[in-house]
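Q: sequence and predicted structure below; questions after.
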Amino acid sequence: MILCQFIFKPGVYDDEFQRLDAQIDTFAQALPGYRGVETWYSEDRTVKNVTYSFETMDDVRALATYPQHLEAKEKNARWYDGYRIVISEVTRSYGDDRLGAD
């Protein structure tokens with residue numbers, strides 16, 4: 001499984017952001033290897049972490065090259081007060097299954 005973490009400080013969102021964000025999310029969820037998304041905040045809620053899970057790097061590449069995603073990347077400074085992307089491969093995940101699917 002591949003995790004794509006988008007860690008950022010939210011800025012001001014406008015209609016263009018909302019449109020692109022919805023299109024990107026819809027596209028990501030339609031990818032064959034899409035496994036889910038989780039959102040976390042820092043304790044003071046100034047930093048947000050949105051983590052998408054995919055089965056393969058092919059899915060990640062498809063999202064990375066999606067035209068609306070490329071457009072949003074070019075305009076990110078309008079909407080975020082800083083960001084970091086972390087792509088990682090999960091080699092093992094386990095638990096007691098009371099938190100739901102991984």
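A: Received the coordinates, thanks.

Q: by contact count, what packs against the longest helix along the chain?
A: Selection of the longest helix in the chain by residue count, based on DSSP state H, yields helix 15-30. If contacts are counted by 3 or more C-beta pairs under 8 Å, 6 or more residues apart in numbering; DSSP states H and E, helix 15-30 sits against strand 34-41, helix 57-64, helix 67-74. No exception for glycine: its C-beta is placed from N, CA and C like everyone else's.

Q: tilt between it and strand 34-41?
A: Angle between the axes of helix 15-30 and strand 34-41 is 140 degrees (criterion: axes from the mean of the first three to the mean of the last three C-alpha atoms, to 10 degrees).

Q: what's the average pLDDT for helix 15-30?
A: Here helix 15-30 scores 96 as its mean pLDDT.

Q: check stretch 69-88 too.
A: Within the predicted structure, the mean pLDDT of stretch 69-88 is 95.

Q: can you give me the end-to-end span of it?
A: Taking C-alpha to C-alpha, to the nearest Å as the measure, stretch 69-88 stretches 19 Å from start to finish.

Q: can you list the buried residues in it?
A: 69, 72, 79-80, 83 (16 or more other C-beta atoms under 10 Å).

Q: which residues sit against that stretch?
A: Residues from elsewhere that reach stretch 69-88 (C-beta atoms under 8 Å, 6 or more residues apart in numbering): 2-14, 16-17, 20-21, 24, 27, 60, 63.

Q: quick one: Asp82 and Phe8, what's the gap?
A: One correction, residue 82 is Gly, not Asp. Using C-beta to C-beta, to the nearest Å, Gly82 is found at 7 Å from Phe8.

Q: same deal with Leu31?
A: Taking C-beta to C-beta as the criterion, Leu31 is separated from Phe8 by 22 Å.

Q: one more: Trp40?
A: In this view, Trp40 and Phe8 are 12 Å apart by C-beta to C-beta.

Q: and if you look at Ile87?
A: The span separating Ile87 from Phe8 equals 15 Å under the rule C-beta to C-beta.

Q: export only the CA atoms of stretch 12-32, formatted as PDB.
A: These are the backbone C-alpha positions of stretch 12-32, laid out as PDB (Å, rounded to 0.1, in the frame of the first residue of the first chain):
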ATOM      1  CA  VAL A  12      -8.000  31.100   2.300                       C
ATOM      2  CA  TYR A  13     -10.100  29.000  -0.100                       C
ATOM      3  CA  ASP A  14     -12.100  30.400  -3.000                       C
ATOM      4  CA  ASP A  15     -14.500  29.000  -5.500                       C
ATOM      5  CA  GLU A  16     -11.700  27.900  -7.800                       C
ATOM      6  CA  PHE A  17     -10.100  25.900  -4.900                       C
ATOM      7  CA  GLN A  18     -13.400  24.300  -4.100                       C
ATOM      8  CA  ARG A  19     -14.000  23.200  -7.700                       C
ATOM      9  CA  LEU A  20     -10.500  21.800  -8.200                       C
ATOM     10  CA  ASP A  21     -10.500  20.100  -4.800                       C
ATOM     11  CA  ALA A  22     -13.800  18.300  -5.600                       C
ATOM     12  CA  GLN A  23     -12.600  17.200  -9.000                       C
ATOM     13  CA  ILE A  24      -9.300  15.900  -7.700                       C
ATOM     14  CA  ASP A  25     -11.100  14.000  -4.800                       C
ATOM     15  CA  THR A  26     -13.600  12.500  -7.200                       C
ATOM     16  CA  PHE A  27     -10.800  11.400  -9.600                       C
ATOM     17  CA  ALA A  28      -8.700   9.900  -6.700                       C
ATOM     18  CA  GLN A  29     -11.700   7.900  -5.500                       C
ATOM     19  CA  ALA A  30     -12.400   6.500  -8.900                       C
ATOM     20  CA  LEU A  31      -8.900   5.100  -9.300                       C
ATOM     21  CA  PRO A  32      -8.900   1.300  -9.200                       C
END
